[in-house]
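Asker: please find the sequence and the predicted model below.
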Amino acid sequence: MEHGRYGRRDVRVLHVLNRLRASGAEVMLHAAAGQWKHHGIEVDVLAVGPEPGPFAADLRSVGYTVVHEPDGLLFRVPPRLARRVRDGGYDVVHVHTERAGFYFGLAALSAGAGVLRTVHSVFGFGGMLRIQRKLQRQVLRRMGVVHVGVSHGVADNEKRRFGNPSQVIENWCGKEFTPPTKRQQDQARQALKLHDHDFVVVSVGNCAPVKRHEAILEAVAHISGLSDLVYLHVGDEDGTGKERRLAEQLGISRQVHFLGHRRPLQALHAADVFVMTSAYEGLGLAAVEALMTGLPLVLADVPGLRDVAEASPAAWLTDTGPAQLAAAIERAADFCKSRPRMDAARSFGDRFSLQRGVANYAEIYHQLARSSSAHGHGSCVDGMS
């Protein structure tokens with residue numbers, strides 16, 4: 001096997017995710033594709049779902065080997081994962097799933113790999129489910145599994161709710177997310193058929209209930225002081241057309257442009273303000289991308305978005321009632337009139353940088369690989385395979 005810059009063979013890492021879609025972990029992997037080799041890391045991706053998912057082709061296009069394990073009978077996946085880890089010579093398994101993540105972790109340990117689990121959300125489990133997940137995290141931690149939270153909000157929740165200490169490695173975004181030049185902004189607006197005088201609000205995210213896009217539509221209808229307001233909705237619709245119907249009922253259909261699934265950079269370049277109304281986030285990657293393009297942010301006052309807001313002087317946390325959200329958007333509009341678009345790189349340094357995040361994960365991978373080699377292969381859960 002090829003030797004990396006660390007003077008020994010590269011560490012082989014298998015990322016385990018659910019069905020692959022344009023979500024935080026997958027988008028970050030896509031952005032990081034060219035970085036791993038510099039740190040002596042080889043990365044493959046395993047999708048666990050009915051099919052690999054629509055983002056599998058994107059990951060393959062930047063060089064990842066993507067394999068698939070159908071989850072119709074989920075109990076069969078852990079032993080197959082253990083065999084895959086042994087046969088593939090993986091040193092580390094990086095588990096991104098909450099669903100069955102405990103069993104995937106045990107399977108990887110049984111095959112002699114080190115295990116890292118990234119917690120991507122602020123999970124609010126209660127009752128017996130909370131007790132179960134707390135015990136599962138304790139078992140994995142005692143077996144040497146490293147837990148990482150994607151924000152301080154996630155890490156705080158893991159500690160408070162599950163007694164699970166976690167390192168923090170914040171989400172990163174691609175290097176292309178920088179403030180646009182005036183020419184780039186003009187070109188983006190022309191491509192999206194926007195006028196120079198339009199005040200443009202943008203959201204990025206699929207129409208899952210947790211995203212609460214109806215709150216944005218209701219706020220747009222509530223605003224009277226911005227006659228040229230346009231709302232760009234970037235992301236897949238839910239298939240029932242309920243958000244389009246709501247826009248019609250509110251009388252704002254002409255102001256709302258449903259752009260569907262697409263890369264968000266053009267819309268972010270065209271916009272004046274970014275809005276995110278999620279009920280919760282781990283660390284809203286779409287908000288980080290908007291932040292790095294220099295946009296003012298209007299964010300729901302919830303875990304995961306508070307972390308982003310703390311990073312920017314041009315961010316407003318708000319309740320998502322129509323009046324409150326509308327008022328926050330109007331404050332952001334006033335801010336836009338008096339301030340130029342921020343130089344995000346200068347303002348935030350490498351806090352959300354690709355290089356920082358990849359280097360932090362690479363260090364953990366090497367530590368886990370060394371620990372796994374020192375302790376030999378196999379464990380007390382070999383019977384699972």
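Answerer: Everything's here; your move. Numbering: from 1, shown residues only.

Asker: pull stretch 357-374 out as PDB, backbone CA atoms only.
Answerer: What follows is the C-alpha trace of stretch 357-374 in PDB, where atoms were taken according to Å, rounded to 0.1, in the frame of the first residue of the first chain:
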ATOM      1  CA  GLY A 357     -11.700  20.300   9.900                       C
ATOM      2  CA  VAL A 358      -9.900  17.800   7.800                       C
ATOM      3  CA  ALA A 359      -6.700  18.100   9.800                       C
ATOM      4  CA  ASN A 360      -8.600  17.600  13.100                       C
ATOM      5  CA  TYR A 361     -10.300  14.500  11.800                       C
ATOM      6  CA  ALA A 362      -7.100  13.100  10.300                       C
ATOM      7  CA  GLU A 363      -5.300  13.500  13.700                       C
ATOM      8  CA  ILE A 364      -8.000  11.400  15.300                       C
ATOM      9  CA  TYR A 365      -7.900   8.700  12.500                       C
ATOM     10  CA  HIS A 366      -4.100   8.300  13.000                       C
ATOM     11  CA  GLN A 367      -4.600   8.100  16.800                       C
ATOM     12  CA  LEU A 368      -7.300   5.400  16.500                       C
ATOM     13  CA  ALA A 369      -5.200   3.500  13.900                       C
ATOM     14  CA  ARG A 370      -2.200   3.500  16.300                       C
ATOM     15  CA  SER A 371      -4.300   2.400  19.200                       C
ATOM     16  CA  SER A 372      -6.000  -0.300  17.200                       C
ATOM     17  CA  SER A 373      -2.600  -1.700  16.000                       C
ATOM     18  CA  ALA A 374      -1.200  -1.600  19.600                       C
END
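
Asker: what comes up buried for that stretch?
Answerer: Buried residues in stretch 357-374, defined by neighbour count with 16 or more other CB atoms under 10 Å: 357-358, 361-362, 364-366, 368-369, 372. All C-beta atoms are positioned from the backbone trio N, CA, C, and that covers glycine.

Asker: where does pLDDT dip in the stretch 201-350 of the chain?
Answerer: Along the stretch 201-350 of the chain, segments meeting pLDDT under 70 span 338, 340-349.

Asker: ranges for the helices of it?
Answerer: 213-222, 242-250, 265-270, 285-292, 305-310, 322-338, 344-348 (DSSP state H, counting those that start in this stretch).

Asker: out of these, which is closest to Glu26?
Answerer: Put simply, out of the helices of the stretch 201-350 of the chain the one that sits nearest Glu26 is helix 285-292, at 10.0 Å, with distance taken as CB to CB.

Asker: restrict that closest one to CA atoms and write it as PDB.
Answerer: Output for helix 285-292, consisting of C-alpha atoms alone and laid out as PDB, is shown next (Å, rounded to 0.1, in the frame of the first residue of the first chain):
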ATOM      1  CA  LEU A 285     -24.100  23.900   7.200                       C
ATOM      2  CA  ALA A 286     -26.300  26.000   4.800                       C
ATOM      3  CA  ALA A 287     -26.000  28.900   7.400                       C
ATOM      4  CA  VAL A 288     -22.200  28.500   7.500                       C
ATOM      5  CA  GLU A 289     -22.000  28.600   3.700                       C
ATOM      6  CA  ALA A 290     -24.200  31.800   3.700                       C
ATOM      7  CA  LEU A 291     -22.000  33.300   6.500                       C
ATOM      8  CA  MET A 292     -18.800  32.700   4.500                       C
END
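
Asker: report all helices and strands that it contacts.
Answerer: Using 3 or more CB pairs under 8 Å, 6 or more residues apart in numbering; DSSP states H and E as the contact criterion, the elements in contact with helix 285-292 are helix 24-32, strand 199-204, helix 265-270, strand 273-276, strand 297-300, helix 305-310, helix 344-348.
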